[in-house]
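Trainee: got a sequence here, can you build the structure:
(one chain, ligands or ions: 1)
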Amino acid sequence: DLADLKGLKRGTLRLGVVTTAKYFIPHLLGGFCERYPQIEIEFKVGNRQQVIDRLSEGRDDFYVFSHPPKDAPLALHEFLDNPLVAIASADHPWAKRRTVPLQEFAQEPFLIREHGSGTRYALERFLREQNAKLNVRMTVESNEAIRHSVMSGLGVSVISTHTLAFGGDSGLAILPVEGMPIRSHWYLAHHKAKSLSPVAATFLDWISQKDNLRIEA
Ligand code: PGA
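Mentor: I've put the predicted structure just below:
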């Protein structure tokens, strides 16, 4: 419509995103806000369980997950890959190895995300499939604190590559652990039953165009 053509669409776009998506969604929003300067954005961040809670209360237009809940009537739009990689401090001796067997990796002191985290959910599923058990040293409720703990040599971890973009990899090495990276994808989700506001529909259109998904890191 005419308002859309002139970039005059106005209103609020409400997004609830998991913590690992907060590193790249803002970069996607840059282009969107330039195109639609009158749209205001409300951006909420939580772990997977907190975003599921927002979803069940119908708080936002869209939710960004890599592991959407299976029991909710959701429309899902897959839009990017989300590989989870094994990390250690840059000077860890394994950083130079060609491969690290999973069983060996699992014996290192491990820094794990809290219950309710999607990263943890994906990791635990992977470990069950591989019949491996971690040597957990510390439970940490933040990707940043995990990065810094790993950097300082407290242990190893598994984290989304998105948390390492834009300089987030300094002081860290990605380890070539067998079976990794753990593959997952990003989904934009919304309630099937709830109809999209004009602003939300505009955003869905916009994010469905591949050119708009390019992020320079
Ligand atoms: P989280 O996000 O670990 O912060 O919950 C990642 C995800 O849900 O995939």
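Trainee: rest of the way, CA atoms for contacts and neighbours
Mentor: Noted.
Trainee: hang on, Ala201 in a strand?
Mentor: No: under DSSP: H, G, I helix; E, B strand; the rest coil, Ala201 sits outside any strand and is assigned helix.
Trainee: tell me how far it lies from the ligand.
Mentor: 23 Å (CA to the nearest ligand atom, to the nearest Å).
Trainee: check Trp186 too.
Mentor: Trp186 is 8 Å from the ligand, by CA to the nearest ligand atom.
Trainee: neighbours around that residue, how many?
Mentor: Trp186 is flanked by 19 other residues according to other CA atoms under 10 Å.
Trainee: and what of Phe79?
Mentor: Residues within reach of Phe79, counting by other CA under 10 Å, total 16.
Trainee: ok, now the one 4 residues further on?
Mentor: Other residues within reach of Pro83 by the criterion other CA under 10 Å amount to 17.
Trainee: contacts only, for the residue lying closest to it once chain neighbours are set aside.
Mentor: Closest residue to Pro83 apart from its sequence neighbours, by CA to CA, 6 or more residues apart in numbering: Arg183 at 4.8 Å. Applying CA atoms under 8 Å, 6 or more residues apart in numbering, we find Arg183 in contact with Asp81, Asn82, Pro83, Leu84.
Trainee: now for the residues you listed: which two are most distant?
Mentor: Within the contacts of Arg183, Asp81 and Leu84 form the most distant pair, 9.7 Å apart (CA to CA).
Trainee: who touches both of those two?
Mentor: Common contacts of Asp81 and Leu84 (CA under 8 Å, 6+ apart): Arg183, Ser184.
Trainee: hmm, back to that, what's the separation between the residue nearest to Pro83 and Leu28?
Mentor: In this view, Arg183 and Leu28 are 21 Å apart by CA to CA, to the nearest Å.
Trainee: what of Gly118?
Mentor: Applying CA to CA, the value for Gly118 to Leu28 is 21 Å.
Trainee: these two: which is more packed in?
Mentor: Gly118 (21 against 16).
Trainee: nearest spatial neighbour of that one, skipping sequence neighbours?
Mentor: Distance criterion CA to CA, 6+ apart; nearest residue to Gly118, sequence neighbours excluded, is Arg48 at 5.1 Å.
Trainee: just Leu196 next, same as before
Mentor: Closest to Leu196 by CA to CA, 6+ apart is Asp61, at 7.2 Å.
Trainee: I'd say the one you found and Ala201 touch.
Mentor: No: look at Asp61 against Ala201 with CA atoms under 8 Å: they stay out of range, at 9.4 Å.
Trainee: the more surrounded of those two?
Mentor: Using other CA under 10 Å, the more surrounded residue of Asp61 and Ala201 is Asp61, with 24 against 13.
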